[in-house]
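[1] Give me a 3D structure for the following:
(one chain, ligands or ions: 1)
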Amino acid sequence: MKNSTNKEIAKGPNLAVDIAGVRFKNPILTASGTFGYGLEFANLMDLNSIGGIVVKGLSMTPIKGNPPPRVYETASGMLNAIGWQNIGATEFVTKKLPGLRNYEAKIVVNIVGFELNDYLEVARFLNDCPGIAALELNISCPNVKKGGYHFNKDPRDAFTVTAETKKASRHLPLWVKLSPNVTDIREFARACQDAGADALSVINTLVGMAIDVKKRRPRLRFLTGGLSGPAIKPVALRMVWEACQAVRIPVIGVGGIASTEDALEFLIAGARAVQIGTANFYQPDVSQRVALGLQEYCRLNHIDDVNEIIGSLQPYE
Ligand SMILES: Cc1cc2nc3c(=O)[nH]c(=O)nc-3n(C[C@H](O)[C@H](O)[C@H](O)COP(=O)(O)O)c2cc1C
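    Numbers count the residues shown, from 1 in each chain. Reported below is the predicted structural model:
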């Protein structure tokens, strides 16, 4: 079953997209923090069926993350305050990357940092590791007290961290992941493009909160958390569309995508590719299903190349 699904995707219309010189076999990727380091899903779906995997945000040394409770289900979404729990870049490269190299899905590494130098150190280290297609700079995580998120308060800071990390990442394309918790995402999109970003991932989670009324306590120990899932899709779609209007570099759409139709909305709005996040928690093979659904959509609508769909939003007369 797994193999036949993969063959079907291979012989259909062209689904391949190019992001900063890297060819993804289709525009369906999984989002950082929602798909582990990829290998955990190898028995749940065919990792060869999707274009790419964005792994959990990595720092140079391991981080424990925030204490529980740190996830809470809301109406049509989830709140998380995981923090930057990760195994560290060295363990990722020695224990996870060799296994990931066996798959066609391109590996994008999300990187985190408390300070500018943290990003530079991890970017320099990952540069020399074969099997990584791109870096995704996370300057948009709302669940840490100090660090990346602060680079998203002022476009000038976003410019600086992008420009410096771009130098450090040398030959690896640099994607910058933007926060929705800003007044005008276009200013940040332009600042990152001007600083040399090769692509933008839009969006990270929206800051939210929930209270247990019996205990009169926040549902999350961190108090606030990042809202993700279907609830944020219209916001993400609007911001992807705005970012696409503002920059020339590719934009990757993220936020509430759980079906082929959701993915198509983002592609039509201008996204070069999409990432699926929260939906992986309740439907672990959702990305494979969406990739197959996209192929079916192209076939039924006589579309030879998925790139024809990208940015094809039609205005009213
Ligand atoms: C549990 C959890 C952990 C996450 N960890 C990261 C992370 O390490 N780095 C990052 O850039 N985004 C992280 N995100 C944000 C997602 O990658 C994505 O941008 C967001 O959840 C919106 O997409 P979705 O609605 O499809 O989940 C995380 C999200 C969740 C739910």
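
[2] what's the closest non-adjacent residue to the residue of the stretch 201-317 of the chain found nearest the ligand?
    The nearest approach of the stretch 201-317 of the chain to the ligand comes at G277, 2.4 Å away (C-beta to the nearest ligand atom). In short, each C-beta sits where N, CA and C put it, glycine included. Using C-beta to C-beta, 6 or more residues apart in numbering and skipping residues adjacent in sequence, the residue nearest G277 is A31, 3.5 Å away.

[3] ok, now which ones touch that neighbour?
    54, 254, 275-277, 280 (C-beta atoms under 8 Å, 6 or more residues apart in numbering).

[4] let's see 10 Å
    Contact analysis of A31 by C-beta atoms under 10 Å, 6 or more residues apart in numbering lists 53-54, 110, 136, 177, 201, 204, 228, 252, 254-255, 257, 274-280, 287.

[5] The residue of the stretch 201-317 of the chain closest to the ligand: neighbouring residues, count only.
    26 (other C-beta atoms under 10 Å).

[6] Tell me the residues of the stretch 151-300 of the chain that contact the ligand?
    177, 204-205, 228-229, 232, 254-257, 276-278 (C-beta under 6 Å from any ligand atom).

[7] If we only consider those residues, which is nearest to D46?
    Closest to D46 out of these is I276 (14.8 Å), distances taken as C-beta to C-beta.

[8] Count the residues that sit near the closest one.
    Neighbour tally, I276, other C-beta under 10 Å: 27.

[9] my guess is it meets S287, correct?
    Yes - using C-beta atoms under 10 Å, I276 is in contact with S287, at 4.9 Å.

[10] shared neighbours, the two?
    Common contacts of I276 and S287 (C-beta under 10 Å, 6+ apart): 28-31, 35, 50, 257, 263.

[11] Pull the most distant pair out of the residues you listed.
    For the shared contacts of I276 and S287, the maximum inter-member distance is 15.6 Å, found between F35 and A263 (C-beta to C-beta).

[12] burial count for whichever residue of the chain sits closest to the ligand?
    Residue of the chain nearest the ligand, by C-beta to the nearest ligand atom: G33 (1.9 Å). By the measure other C-beta under 10 Å, the count of residues near G33 is 26.

[13] wouldn't it be in contact with S140 here?
    No - with contact defined as C-beta under 10 Å, G33 does not count as touching S140 (11.6 Å).
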